[in-house]
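Trainee: structure for this input, please:
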Amino acid sequence: MSRLAVIVSLFASAIAVMSLFFASPAMAQATQAPTPAASAGTGDVSTQFSIGGIIRAGDDPVEGVEVLVSGSGFSETGTTGADGRWAVAVPGPGEYTAELQVDTLPDGVAPRDPDNVTRDVTIGTTNTVNVLFPTGEGTAASGTIWDTLFSRFFYGLNFGLLLALAAIGISLIFGTTGVNNFAHGEMLTFGAIIFYVFTAMGWNLLLAILLTVVLSAALGWTQDAVLFKPLRKRGVGLVQVLIVTIGLSIVLRYLYLYFFDGGTRNIATGITDNVTIGPVTVTLTSIISMGISIVMLGLVGYFLTRTRIGKATRAVSDNASLAAASGINVDRVIRIVWVLAGALTGLSGVLYGLYRGVTWDMGFAILLLLFAAVTLGGLGSAFGALVGSLIIGIITELSTIVIPPDLRYAVALIVLIGVLLFRPQGVLGRKERIG
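Mentor: This next block holds a predicted model:
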């Protein structure tokens with residue numbers, strides 16, 4: 001019970017840090033809703049209702065591009081800052097239109113679809129809406145289709161590695177407990193928010209990452225100790241547990257909204273260098289993130305295949321009853337799995353926050369992709385989750401060559417359906433006899 005108190009205290013401390021940080025006068029001033037005129041300049045708005053986005057030429061942000069937001073008697077222009085971000089504070093919920101001002105694009109940069117530079121935006125339950133204006137075709141005109149394919153493949157590989165860290169956690173939990181954890185996205189969001197808080201307080205990046213991973217592991221430990229282990233002991237069915245995870249997801253998500261509000265925040269790392277790999281130019285942060293992902297995935301593979309606890313985890317995943325009969329402490333293995341899943345998912349949240357910015361519902365937004373990756377690779381298979389994540393990440397990015405980027409996630413789900421029609425067990429899953 002003392003260990004439980006320690007872990008709960010750690011989680012409570014994390015929440016307290018968030019509440020104190022966002023309640024501080026400096027942070028209150030930073031998050032105070034700006035006037036529309038102020039919002040038009042920097043592209044870094046955190047307000048009750050806003051419309052924004054980021055404009056890049058390839059992977060480089062474009063400064064000084066204007067986007068006109070109008071609707072419901074409102075009209076205001078947002079201008080991208082040095083980071084390529086723009087935002088406009090709007091009066092409230094309603095229907096708006098965001099129009100890219102093509103004449104403000106720099107020479108050599110053009111919209112991918114010159115006939116489609118207007119976006120219809122609805123502000124409803126979501127306070128902040130991001131819209132995309134894909135550009136860069138003007139700078140890539142001299143490149144070949146192979147350059148484009150390589151660059152999209154590279155970005156997809158980066159995205160797939162980020163997904164894999166979180167998807168492996170889902171797969172391990174499902175393999176050992178049979179539970180589809182719909183609160184897994186909130187574990188990812190937790191990692192991103194905690195890391196943002198630490199970096200905003202000026203902490204060293206490495207120390208911030210380590211503490212974020214520790215607190216995320218503690219969150220996984222707490223979920224199993226406080227909620228899921230008691231449910232297992234009471235013999236609660238998987239359907240009921242599934243409903244509990246949905247409820248937990250809702251509770252955590254709106255706690256994040258309460259403390260973090262609905263804005264999008266960027267994590268300041270101080271690393272601004274770019275790296276060129278063939279036709280691809282990416283930030284040094286992205287390269288470091290990919291390296292961290294690869295190292296962590298390698299360590300997970302080693303843990304599952306070379307250590308006693310890892311082999312016990314695989315045994316419990318294959319057959320929990322047989323594993324228990326052979327002397328394996330199933331509850332201990334499940335607890336370790338929850339801790340490992342929390343740590344990996346928290347780290348995924350850190351890297352995804354560096355990749356796309358931090359929002360209160362970022363984990364929920366990609367939860368379906370995580371489940372798609374796990375199902376595609378094979379339910380309960382950690383290595384299948386890795387393969388499925390890479391497939392999903394690469395396909396979503398390659399699809400943007402021929403379809404609007406807004407539809408790329410739909411393509412991934414269509415691929416999932418197609419694979420399951422021909423191989424229901426997934427890529428690395430095993431056939432099972434029913435009946």
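Trainee: contacts and neighbour counts: CA atoms only from here.
Mentor: Noted.
Trainee: doesn't E99 fall inside a helix?
Mentor: No. E99 is assigned strand when assessed by DSSP: H, G, I helix; E, B strand; the rest coil, not a helix.
Trainee: which residues touch T135?
Mentor: Going by C-alpha atoms under 8 Å, 6 or more residues apart in numbering, T135 touches I55, R56, A57, G58, V109, A110, P111, R112.
Trainee: select from those the one having the most neighbours.
Mentor: In terms of neighbour count, I55 stands highest of these at 28 neighbours, by other C-alpha atoms under 10 Å.
Trainee: list the contacts of that residue.
Mentor: By C-alpha under 8 Å, 6+ apart, the neighbours of I55 are P61, V62, V65, T80, G84, R85, L132, F133, P134, T135.
Trainee: give me the subset of those residues lying in strands.
Mentor: P61, R85 (DSSP state E).
Trainee: quick one: secondary structure of V121?
Mentor: strand.
Trainee: buried stuff in the lengthiest helix in the chain?
Mentor: Longest helix of the chain, by residue count under DSSP state H: helix 145-177. If you call a residue buried by 16 or more other C-alpha atoms under 10 Å, then helix 145-177 has these buried ones: 148, 150-177.
Trainee: ditto for stretch 243-261
Mentor: V244, T245, I246, L248, S249, I250, L252, R253, Y256, F259, F260, D261.
Trainee: poorly predicted segments of this protein, please.
Mentor: Applying pLDDT under 70 to the chain flags the ranges 1-48, 58-59, 124-128, 136-143, 272, 406, 429-435.
Trainee: could you pull out the strands in it for me?
Mentor: All strands of the chain, identified by DSSP E, fall at 50-54, 56-57, 60-61, 66-71, 74-79, 85-89, 94-100, 118-123, 128-130, 274-277, 280-283.
Trainee: can I get the first one in PDB? Just the C-alpha atoms.
Mentor: What follows is strand 50-54, C-alpha atoms only, in PDB (Å, rounded to 0.1, in the frame of the first residue of the first chain):
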ATOM      1  CA  SER A  50      -8.800  30.700 -32.600                       C
ATOM      2  CA  ILE A  51      -8.100  29.500 -36.100                       C
ATOM      3  CA  GLY A  52      -4.500  28.900 -37.100                       C
ATOM      4  CA  GLY A  53      -1.900  26.600 -38.700                       C
ATOM      5  CA  ILE A  54       1.600  26.400 -40.100                       C
END
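Trainee: ok, and what's touching that strand?
Mentor: The contact list for strand 50-54, computed with C-alpha under 8 Å, 6+ apart, reads 43, 61, 69, 80, 83-90, 127-133.
Trainee: output the contacting helices and strands for the longest helix of the chain.
Mentor: For helix 145-177, the elements it packs on are strand 280-283, helix 284-306, helix 308-318, helix 330-356, helix 367-377, helix 382-398, judged by 3 or more C-alpha pairs under 8 Å, 6 or more residues apart in numbering; DSSP states H and E.
Trainee: if we can go back for a sec, who wins for neighbours among the contacts of I55?
Mentor: Counting neighbours by other C-alpha under 10 Å, T80 leads these with 26 neighbours.
Trainee: thinking again about what came up before, quick one: which of the helices and strands packed on helix 145-177 is nearest D103?
Mentor: Nearest of these to D103, taken as C-alpha to C-alpha: strand 280-283 at 25.0 Å.
Trainee: mind listing what's buried along the closest one?
Mentor: For strand 280-283, the neighbour count (16+ other C-alpha under 10 Å) marks V280, V282, T283 as buried.
Trainee: what's the neighbour count on the residue nearest to V411 when sequence neighbours are not counted?
Mentor: Nearest non-adjacent residue to V411, counting by C-alpha to C-alpha, 6 or more residues apart in numbering: T396, 6.6 Å away. By other C-alpha under 10 Å, the residues close to T396 number 26.
Trainee: surely T396 meets L157?
Mentor: No. In this structure T396 lies outside contact range of L157 using C-alpha atoms under 8 Å: 10.1 Å.
Trainee: list the contacts of the closest residue to I193 other than its chain neighbours.
Mentor: For I193, ignoring the flanking residues on the chain, the nearest one in space by C-alpha to C-alpha, 6+ apart is V358 at 6.6 Å. Listed by C-alpha under 8 Å, 6+ apart, the contact set of V358 reads T189, A192, I193, Y196, T264, R265, N266, I267.
Trainee: distance of V358 from T396?
Mentor: As judged by C-alpha to C-alpha, to the nearest Å, V358 and T396 stand 21 Å apart.
Trainee: just V90 next, same as before
Mentor: From V90 over to T396 (counting by C-alpha to C-alpha), the distance is 31 Å.
Trainee: now swap in F259 and tell me
Mentor: F259 is 32 Å from T396, by C-alpha to C-alpha.
Trainee: now I334
Mentor: 33 Å.
Trainee: as CSV, could you dump the C-alpha coordinates of stretch 363-381?
Mentor: Below are the C-alpha coordinates for stretch 363-381, written out as CSV (Å, rounded to 0.1, in the frame of the first residue of the first chain):
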residue,chain,number,x,y,z
GLY,A,363,-3.6,11.7,-28.1
PHE,A,364,-7.2,11.2,-28.8
ALA,A,365,-6.8,12.6,-32.3
ILE,A,366,-4.4,9.8,-33.2
LEU,A,367,-5.9,7.0,-31.1
LEU,A,368,-7.6,5.5,-34.1
LEU,A,369,-4.3,5.4,-36.0
LEU,A,370,-2.7,3.6,-33.0
PHE,A,371,-5.4,1.0,-32.9
ALA,A,372,-5.1,0.6,-36.7
ALA,A,373,-1.4,0.0,-36.4
VAL,A,374,-1.9,-2.6,-33.7
THR,A,375,-4.6,-4.4,-35.6
LEU,A,376,-2.7,-4.2,-38.8
GLY,A,377,0.4,-5.7,-37.3
GLY,A,378,-1.4,-8.4,-35.3
LEU,A,379,-3.3,-8.0,-32.0
GLY,A,380,-1.1,-8.7,-29.0
SER,A,381,2.2,-8.8,-31.0
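Trainee: okay, buried residues for it please.
Mentor: For stretch 363-381, the neighbour count (16+ other C-alpha under 10 Å) marks 363-364, 367, 369-381 as buried.
Trainee: still on that earlier bit, wait, which of the contacts of V358 is closest to A341?
Mentor: The closest of the contacts of V358, once distances to A341 are taken by C-alpha to C-alpha, is T189, at 13.6 Å.
Trainee: so what's that closest one up against?
Mentor: G346, G349, V358, T359, W360, D361, M362, G363.
Trainee: burial check on G108, number of neighbours?
Mentor: 12.
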